[in-house]
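Peer 1: got a predicted model here, sequence first, then my questions.
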Amino acid sequence: MNDSTDIEAGGQALSSNERPTLKTIAYMTGLGITTVSRALKDAPDIGADTKERVRRVARQIGYQPNRAGVRLRTGKTNVIALVLSVDEELMGFTSQMVFGITEVLTNTPYHLVVTPHTHAKDTMTPIRYILETGSADGVIISKVRPEDPRVRLMTERNMPFATHGRSSMGIDHPFHDFDNEAYVYEAMKRLAQCGRKRVAVLLPQSQFSYHDFARRGFERGLKDFGITEFALPNINNDTPLEELKEETARLMSGSDVPDGIVSISGSSTIAIVAGIEASGKKIGTDVDIVSKQSADFLNWLRPEIHTMNEDIKLAGRELARAVLARIEGRPTSELQTISKPVWSSHTPKL
């Protein structure tokens, strides 16, 4: 079938600019419209082979359900909203998160809408809009705060949601989180094994929950491995990369410098490395770096960096499963998962 060929549906030609319908799929599969509709909704009484045949034809002809019609009939939008901060890490975070969520939603009636925002502005704005307009059946949010008003409001409004990160406000809710405490602790252990004694950690801003977990792992590492903290002046994981590079270069050009650094994100690490090298210092000789990354790329640039991986695609899958389960009414206590850090296969051997 090429672009110029019309699809015949019910004895009538369907032009290339005409919207495919359930009737189109029914004609092409030889099934009834009701069967097609139930197959697309993953009804339990429809066989797996039939479901796959219907979905394959739907994909081939570019079928999309009429969202307005679905909402009128069912009261649902079949939309999951990912409210994602534009301040998220640049190196692979957004795409991997979206890929993971989409993998889970592919064989469901739901589709993903990404709603960007910035933490520099009112983070409640996109949540209020979704609640007031009824534009989604479920919501996924990121960069959670210990006391997060978004969590409170969605709980009060009975909006199914899941968070990337944990809150500490006494509200039981679905989440998936990365164990930043374990990551920073293991990073400190690795630096101690490298003989490093004065270690700095580039933390998130204190307003975010994962700051507290990372800080806890750092303080445990200081105590357990006999390391002294080197306090970083006026920079954190959310410092603009150019500024982070300049501040690192200034710091490492002085006489009082750290010999180990723990970084919470790959993009920040690139700026740190650039600053260290601008100061004339050498990674792996003058200073060792342990960095978290969401995709295997840091060791392509600098094999001397010790790297641990956070699987963001896994996080997307877990969050999508959690919010779908909440839509179905499953209890929140069953929808809380934490992933552990894993050393990259490319990290330097001790």
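Peer 2: Here it is on my side, so go on. Residues are numbered from 1 along each chain as shown.
Peer 1: now the terminal residues of stretch 176-185, how far apart.
Peer 2: Stretch 176-185 has an end-to-end distance of 20 Å (criterion: CA to CA, to the nearest Å).
Peer 1: for it, what is the average pLDDT?
Peer 2: Here stretch 176-185 scores 98 as its mean pLDDT.
Peer 1: for that stretch, which outside residues touch it?
Peer 2: 162-166, 201, 210, 213-218, 220-221, 224, 262, 264, 292, 308, 310, 315, 318-319, 322, 336-341 (CB atoms under 8 Å, 6 or more residues apart in numbering). Bear in mind the C-beta positions are built from the backbone N, C-alpha and C, glycine included.
Peer 1: how about the helices in this protein?
Peer 2: Under the criterion DSSP state H, helices of the chain are mapped to 22-29, 33-40, 48-61, 67-74, 93-105, 124-133, 149-156, 180-193, 209-225, 241-252, 266-278, 298-301, 312-327.
Peer 1: which of those helices has the lowest mean pLDDT?
Peer 2: helix 67-74 (a mean of 53).
Peer 1: hang on, the earlier thing: the helices of the chain: which one's closest to residue 287?
Peer 2: Of all the helices of the chain, helix 266-278 sits nearest to residue 287, with 6.3 Å by CB to CB.
Peer 1: what's the angle between that closest one and helix 93-105?
Peer 2: Counting by axes from the mean of the first three to the mean of the last three CA atoms, to 10 degrees, helix 266-278 lies at 160 degrees to helix 93-105.
Peer 1: run a quick neighbour tally on residue 347.
Peer 2: 19 (other CB atoms under 10 Å).
Peer 1: check it and give its pLDDT.
Peer 2: Residue 347 is given a pLDDT of 89.
Peer 1: I'd assumed residue 304 was in contact with it.
Peer 2: No - Residue 347 lies out of contact with residue 304 (CB atoms under 8 Å); the separation is 9.8 Å.
Peer 1: which of the contacts of stretch 176-185 count as buried?
Peer 2: Using 16 or more other CB atoms under 10 Å as the burial test, the contacts of stretch 176-185 include 162-166, 201, 210, 213-215, 217-218, 220-221, 262, 264, 292, 308, 310, 315, 318-319, 322, 336-337, 339, 341 as buried.
Peer 1: how far away is the residue most central in space within the chain from residue 333?
Peer 2: Closest residue to the average C-alpha location of the chain: residue 97 at 3.8 Å, with CA atoms, centre = their mean. From residue 97 over to residue 333 the distance is 24 Å, taken as CB to CB, to the nearest Å.
Peer 1: and residue 28, by the same measure?
Peer 2: Separation of residue 28 from residue 333 (CB to CB): 44 Å.
Peer 1: so for those two, which sits in the more crowded spot?
Peer 2: Counted by other CB under 10 Å, residue 28 and residue 333 do not tie: residue 28 has more neighbours, with 20 against 9.
Peer 1: what's stretch 208-220 in contact with?
Peer 2: Against stretch 208-220 from outside (CB under 8 Å, 6+ apart): 143-146, 148, 165-168, 177-185, 187-188, 201, 203-206, 229, 262, 264.
Peer 1: quick revisit: the closest residue to the residue nearest to the centre of the chain other than its chain neighbours: neighbouring residues, count only.
Peer 2: Nearest residue to residue 97, sequence neighbours excluded (CB to CB, 6 or more residues apart in numbering): residue 316, at 4.5 Å. Neighbourhood size, residue 316 [other CB under 10 Å]: 26.
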